[in-house]
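Asker: A predicted structure for the sequence below; I have some questions about it.
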Amino acid sequence: MKSTFLTRRILRTTVAGACLAALALPAAAVDLKTADGSWTFSVDGEVNVDYIWSSCQSVTSAVAVDGGLTCVGTASSSNVSNVGNGLLPAAFTFGVATTQDGIDLAAHLGLYPGIATNNSGSPNLQPNNNGGTNTALGSTGLDIRQVYMTFGNKDMGTFTLGRQIGLFGADVILNDMTLVGVGAPGSAASAAPANTTLGGIGFGYIYTDWLAQIDYTTPDLSGFALTVGIFDPLNSLSDAGTVDPKKAPGVHLKLTYTLPIAEGTKLYLSVAGITQQQDYSVPNLTPPPATTTNQYTGSGVDLFAKFDMQDLEIIGYYYHAEGLGTTAFFNLGDFDNSTRTSNGYLAQVTYKFGAVKLGANYGASNLDYANAADQAANPDMVRSNKKGTIGVYYSLTKNLMLLAEGSRTKSESSAGSNDATTINIGAFLGF
């Protein structure tokens with residue numbers, strides 16, 4: 001139950017612009033200008049729907065994996081069918097932009113509705129009460145995850161302020177081929193599907209998430225660019241006790257480098273880092289004092305590389321973290337004030353044959369015990385989540401993609417492992 005609830009909580013996804021890039025569409029479907037031409041208003045987005053079938057681990061052979069992301073069947077069946085969104089919900093994004101006194105100004109709002117019946121203001125935080133999920137007379141949720149402004153120019157760089165996608169783990173999810181598909185099913189292989197699947201989240205990378213942040217990005221410096229910023233610190237998903245107000249914001253940064261090699265050939269590299277402190281008050285069984293403080297720092301670094309040569313694309317990704325946990329930020333990140341180490345990787349190859357793109361990727365997320373006491377107290381904690389996906393993506397028109405994917409997932413703990421298979425077919429319309 002614990003891992004299922006977490007799966008619903010972290011099923012948030014990425015910007016519509018990444019999907020439009022995957023479809024090779026323009027950045028905005030509609031551009032409108034004011035009468036004097038000083039302001040530009042833009043609208044773009046996408047809608048996607050998949051049939052998702054999963055063959056889960058049999059309930060009679062399943063082992064306990066706290067934090068495992070592989071589905072487990074029930075007494076009635078190990079097969080689950082669902083019609084829903086994939087890794088992305090639908091997206092409708094709105095923007096305004098102008099230039100004043102040589103400074104480019106812009107603001108953006110992203111609305112992300114889904115199609116799952118969950119009666120919730122968020123597609124991911126579903127109430128588990130009578131009629132709360134996937135029942136008649138219900139409705140879907142609207143996720144308002146993105147609202148931010150930017151200002152700057154090519155000489156001074158750019159400032160970004162507001163709720164926007166994070167820096168750590170962003171490049172890998174934005175280039176994950178399952179972004180327009182399904183990948184790992186997550187809650188789509190349950191009785192209460194959310195508006196998104198997992199894709200590769202928790203199977204090779206920690207979810208980048210949407211953060212309230214203030215960032216600065218330098219101008220292009222011979223192919224290099226650096227972004228540094230602060231963000232509103234996140235509470236832990238798994239720590240016991242009462243959360244204390246944070247003493248300082250989180251800090252993140254990202255360095256990128258783009259190397260054009262030849263016509264249609266280039267190399268892109270990035271490294272990102274993140275750090276944030278957690279503070280909790282934990283009841284003391286033998287006061288005084290009545291409470292003790294649980295305080296630790298979560299930090300991580302990742303490396304991303306993408307090589308494009310005509311119709312061939314190869315990507316590789318690796319992360320290492322202390323105290324960040326797995327799948328989502330600060331999920332299973334510590335034990336009794338001692339941090340757990342986590343790491344993961346994703347490798348992917350895609351190739352286009354005219355209107356058809358074939359792809360395969362494989363990723364794994366690993367989590368280590370903090371110490372021997374942790375292992376003794378939590379024998380069912382997840383040690384790794386692994387996934388492999390093959391996909392076929394066919395551009396029926398410039399804006400409409402038909403797709404099919406097959407994925408195999410495996411979750412391991414000290415007690416053993418669970419395996420599952422998911423097959424999905426669907427359509428993705430970007431505009």
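Answerer: Arrived safely, thanks for sending.

Asker: going forward, measure contacts between C-alpha atoms and count neighbours the same way
Answerer: Will do.

Asker: which residues of the stretch 51-200 of the chain score low on pLDDT?
Answerer: 119-132 (pLDDT under 70).

Asker: tell me where it has helices.
Answerer: 170-175 (DSSP state H, counting those that start in this stretch).

Asker: for it, just list every one of the strands.
Answerer: 79-84, 91-100, 103-113, 142-153, 157-165 (DSSP state E, counting those that start in this stretch).

Asker: of all the residues in the longest one, which ones are buried?
Answerer: Residues Leu142, Asp143, Arg145, Gln146, Val147, Tyr148, Met149, Thr150, Phe151, Gly152, Asn153 are the ones in strand 142-153 that count as buried (16 or more other CA atoms under 10 Å).

Asker: roughly how far apart are the third one and Asp244?
Answerer: I take that to be Arg145. Distance, Arg145 to Asp244, using CA to CA, to the nearest Å: 25 Å.

Asker: any idea which of the buried residues of strand 142-153 is closest to Ile201?
Answerer: Arg145 (17.5 Å; CA to CA).

Asker: need the residue closest to the centroid of this protein.
Answerer: Tyr207 (3.7 Å; CA atoms, centre = their mean).

Asker: is it true that it touches Gly199?
Answerer: No: using CA atoms under 8 Å, Tyr207 is not in contact with Gly199; the gap is 10.4 Å.

Asker: my guess is Trp53 contacts Ile425, does it?
Answerer: No: assessed by CA under 8 Å, Trp53 is found out of contact with Ile425, at 9.1 Å.

Asker: could you find the closest non-adjacent residue to Gln213?
Answerer: Phe231 (4.1 Å; CA to CA, 6 or more residues apart in numbering).

Asker: how about the one you found, phi and psi?
Answerer: phi -140, psi 160 (degrees, to the nearest 10).

Asker: dig out what it forms beta bridges with.
Answerer: Gln213, Gly250 (DSSP bridges).

Asker: okay, now it: neighbour count?
Answerer: 22 (other CA atoms under 10 Å).

Asker: for it, give me its contacts.
Answerer: Leu211, Ala212, Gln213, Ile214, Pro249, Gly250, Val251, His252 (CA atoms under 8 Å, 6 or more residues apart in numbering).

Asker: now for the third one: which residues touch it?
Answerer: Residues in contact with Gln213 (CA under 8 Å, 6+ apart) are Thr160, Leu161, Gly162, Arg163, Gln164, Gly229, Ile230, Phe231, Asp232.

Asker: buried sites along the strand or helix carrying Phe41?
Answerer: Assigned by DSSP states H and E, Phe41 falls within strand 39-55. For strand 39-55, a neighbour-count test (16+ other CA under 10 Å) marks 40-55 as buried.

Asker: so how far is that strand from its chain's centroid?
Answerer: A distance of 15 Å separates the C-alpha centroid of strand 39-55 from that of its chain, computed with CA atoms, centre = their mean, to the nearest Å.

Asker: try stretch 266-285
Answerer: 15 Å.
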